[in-house]
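Asks: Sequence unavailable; structure follows:
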């Protein structure tokens, strides 16, 4: 069964705690992305990685951190510095490194994080 | 200012009817435009991708059009089904920019 796996589907944390969201892919895609989705808003890019051991900040990277130690995995850590962490988090991949090309972007099923 | 504007924000249609969703963008220089369908609580799924030279593309009952001169796109749903109830997101890519510009989505509800 090929695709993108995000776990868990629902995550609850207390304010002040760091939490790590998992994203795994077996599509052999080069690039991986993390987006945040809030009600009534478009998706916003948090971080992306085009190759292993390299990643770039997106538009809203503050309060988040990532690693890309393996091609298949791109975990996202939501730190206590993120002011409004409650959101729906989506991981995505593309076969090539350039998103501006016509490569299809594939999305995972998402993780809904609730921080209270 | 959002570079991708979608309208209407939401609409309700009767099962079996057609509907058209609109997307206007200001992204430049244009590379491609994508339409995604997102069911509630799920990740978006690609419907179509169109480059500058394509002005129409179909995927089953979904037909997307692109007018790169006026920077407008539409997504037409034919003979709607209950399973078409979802958010439809317009996404535009600029050449040389490793970002995608996302619209806020058109929320479609199909009722029997």
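Replies: Noted; the coordinates are in hand. The shown structure was predicted, so the numbers you read here are calculated from the model rather than taken from an experiment. Numbering: from 1, shown residues only, chains lettered A, B, ... in the order given.
Asks: who does the helix or strand containing residue B:31 touch, helix- and strand-wise?
Replies: Using DSSP states H and E, residue B:31 sits within strand B:30-38. When contacts are defined as 3 or more Cβ pairs under 8 Å, 6 or more residues apart in numbering or on different chains; DSSP states H and E, strand B:30-38 sits against strand B:19-25, strand B:45-51, strand B:62-67, strand B:72-77, strand B:86-94. Just so you know, the C-beta spots here come from the backbone N, C-alpha and C atoms, and that holds for glycine as well.
Asks: Just checking: what are the partner strands of that strand?
Replies: Note on strand B:30-38: by DSSP bridges, its sheet partners are strand B:45-51 (antiparallel), strand B:86-94 (antiparallel).
Asks: can you give me the strands in chain A?
Replies: A:4-7, A:10-13, A:19-25, A:31-37, A:44-51, A:54-57, A:64-66, A:76-78, A:87-94, A:106-107, A:111-115 (DSSP state E).
Asks: okay, those in JSON lines with mean pLDDT, distance to residue B:112 and mean neighbour count next?
Replies: Shown next, in JSON lines, are those (pLDDT from 0 to 100; distance: least, Cβ to Cβ, whole Å; neighbours: other Cβ atoms under 10 Å in any protein chain shown):
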{"stretch": "strand A:4-7", "mean pLDDT": "94", "distance to residue B:112": "32", "mean neighbour count": "17"}
{"stretch": "strand A:10-13", "mean pLDDT": "93", "distance to residue B:112": "30", "mean neighbour count": "14"}
{"stretch": "strand A:19-25", "mean pLDDT": "96", "distance to residue B:112": "37", "mean neighbour count": "19"}
{"stretch": "strand A:31-37", "mean pLDDT": "96", "distance to residue B:112": "29", "mean neighbour count": "25"}
{"stretch": "strand A:44-51", "mean pLDDT": "94", "distance to residue B:112": "35", "mean neighbour count": "20"}
{"stretch": "strand A:54-57", "mean pLDDT": "94", "distance to residue B:112": "46", "mean neighbour count": "14"}
{"stretch": "strand A:64-66", "mean pLDDT": "97", "distance to residue B:112": "42", "mean neighbour count": "20"}
{"stretch": "strand A:76-78", "mean pLDDT": "96", "distance to residue B:112": "40", "mean neighbour count": "20"}
{"stretch": "strand A:87-94", "mean pLDDT": "96", "distance to residue B:112": "28", "mean neighbour count": "23"}
{"stretch": "strand A:106-107", "mean pLDDT": "94", "distance to residue B:112": "29", "mean neighbour count": "22"}
{"stretch": "strand A:111-115", "mean pLDDT": "95", "distance to residue B:112": "29", "mean neighbour count": "17"}
